[in-house]
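Undergrad: Predicted model, plus sequence, below.
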Amino acid sequence: MFGAQNNPTRVLLLLVLTALVGAPLRSMAQRPPHVPTEEELRQEQTGVKADPERGYQARSVETVQSWTHDAMTWVKELLQAIHLTPARLALGLGLLGSFYTLGKNKRLVRWAVMAGLSYLLAIVGICAMVFHWPYWN
């Protein structure tokens, strides 16, 4: 196409094309990625999408997920208000269950299971407090 001769207009044309194609690529490479806000992330995870093509079942599942998220947030705020951490709650429930099953016949499966879960909750609560587990304290 260009042949053996070195035509300055062809070289200039190549430089202009390179600049036109390279500029958008450089600008896209320098642009930071979009980081969604907490509200956008929550809406993406649990919010009801505004799409009329979605069926009733999809909307109802998203609504229940939103309710579940709101309920978990409410419980978390309530526990923070009374300074009750999950580790303290696990330890309290474990001790309460252990005292409740103290005089029960452990040969019956229901009492054995309740006692075992109570001991497990108490041990997990103590370990979370002693070892400072991040999501438990």
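TA: Looks like it arrived, so ask away. Numbers count the residues shown, from 1 in each chain.
Undergrad: Just checking the distance from stretch 128-137 to the centre of its chain.
TA: Centroid displacement of stretch 128-137 relative to its chain, using CA atoms, centre = their mean, to the nearest Å, is 19 Å.
Undergrad: Output it in CSV with nothing but the alpha carbons.
TA: The C-alpha trace of stretch 128-137 is given here as CSV (Å, rounded to 0.1, in the frame of the first residue of the first chain):
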residue,chain,number,x,y,z
ALA,A,128,-15.1,-15.6,70.6
MET,A,129,-14.5,-13.4,73.6
VAL,A,130,-11.1,-14.9,74.4
PHE,A,131,-9.7,-14.9,70.9
HIS,A,132,-11.4,-11.6,69.8
TRP,A,133,-13.2,-13.0,66.7
PRO,A,134,-13.9,-9.9,64.5
TYR,A,135,-17.6,-10.5,63.7
TRP,A,136,-18.5,-11.8,67.2
ASN,A,137,-17.3,-8.9,69.3
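Undergrad: For it, buried residues please.
TA: A128, M129, W136 (16 or more other CB atoms under 10 Å). Using the backbone N, CA and C atoms, a C-beta is placed for each residue, glycine as well.
Undergrad: Could I get the contacting residues of the last one?
TA: W136 is in contact with T85, P86, A87, A90, A128, M129, counting by CB atoms under 8 Å, 6 or more residues apart in numbering.
Undergrad: what's the answer for the second one, then?
TA: Neighbouring residues of M129 by CB under 8 Å, 6+ apart: A87, R88, L91, W136, N137.
Undergrad: For it, give its distance to R88.
TA: M129 sits 8 Å away from R88, taking CB to CB, to the nearest Å as the criterion.
Undergrad: Please report how far T73 lies from S66.
TA: Counting by CB to CB - T73 and S66 are separated by 11 Å.
Undergrad: Pick out whichever of those two has more residues nearby.
TA: Counted by other CB atoms under 10 Å, T73 and S66 do not tie: S66 has more neighbours, with 16 against 11.
Undergrad: who touches both of M129 and R88?
TA: Counting by CB under 8 Å, 6+ apart, M129 and R88 have no common neighbour.
Undergrad: Much appreciated, bye for now.
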